[in-house]
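[1] structure here, sequence nowhere to be found:
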């Protein structure tokens, strides 16, 4: 399992929430489809919606991830990456989605890169790990650090704390 940049992990979780909210309860697939087609139309027309999650939402059902290992590797960095390389790792199975991706790729390749990786991570959640930054996880980590400190014995690796040259100020 690979570690993914925390921002990609966040965007992936947010994409899931956005899809869930749009589908509603009970799920309304027609409403979901209308929203996706509306977003795709906006991107095809070059509307300039500069939002990773909106683009991921519009493309997630149409992208085929041709190089999962490469996309996982690209997910390690959020702000730095090779957009052209990421674009070669996917294909679109819908003409309108392909046009939307091409339009965004031409005007904002970084947005396209981030949206592709976010969609991939959402669709392939079991392939990566998300570092747990919750308070509970931090408390467990602190408890483990305290246990390590308790295991020190007097005189244990403390020589480095003293000046080895000696001090004539005594």
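    Received, thanks. Computed from a predicted model, the values in this text were never measured in an experiment.
[2] report how many residues lie close to residue 40.
    The burial count assigned to residue 40 is 23, neighbours taken as other CB atoms under 10 Å. Heads up, the C-betas are built off the backbone N, CA and C, glycines and all.
[3] in a strand, that's where it is, yeah?
    No. Under DSSP: H, G, I helix; E, B strand; the rest coil, residue 40 sits outside any strand and is assigned helix.
[4] from the chain's centroid, how far away is stretch 112-130?
    6 Å (CA atoms, centre = their mean, to the nearest Å).
[5] before we move on, what about stretch 38-49?
    Distance of stretch 38-49 from the chain centroid (CA atoms, centre = their mean) equals 23 Å.
[6] average pLDDT across it?
    Mean per-residue pLDDT for stretch 38-49: 88.
[7] likewise stretch 116-128?
    Stretch 116-128 comes out at a mean pLDDT of 85.
[8] ok, stretch 77-97 next?
    So the average pLDDT for stretch 77-97 ends up being 92.
[9] cool, stretch 24-35 as well?
    87.
[10] what's in contact with that stretch?
    The contact list for stretch 24-35, computed with CB atoms under 8 Å, 6 or more residues apart in numbering, reads 19, 22, 23, 57.
[11] go again using 7 Å as the cut-off
    If you take CB atoms under 7 Å, 6 or more residues apart in numbering as the criterion, stretch 24-35 is touched by 22, 23.
[12] show me what counts as buried in that stretch.
    32, 35 (16 or more other CB atoms under 10 Å).
[13] first-to-last residue distance for that stretch?
    12 Å (CA to CA, to the nearest Å).
[14] just checking, what packs against the helix or strand that contains residue 118?
    Taking DSSP states H and E as the definition, one finds residue 118 inside helix 109-123. Helix 109-123 sits against helix 6-23, helix 52-59, strand 63-65, helix 68-74, helix 83-87, helix 95-107, with contacts defined as 3 or more CB pairs under 7 Å, 6 or more residues apart in numbering; DSSP states H and E.
[15] if you set the cut-off to 6 Å instead, what comes out?
    In this structure, helix 109-123 makes packing contacts with helix 6-23, helix 52-59, helix 68-74, helix 83-87, helix 95-107, judged by 3 or more CB pairs under 6 Å, 6 or more residues apart in numbering; DSSP states H and E.
[16] which parts of that helix are buried?
    With burial defined by 16+ other CB under 10 Å, the residues of helix 109-123 counted as buried are 109-122.
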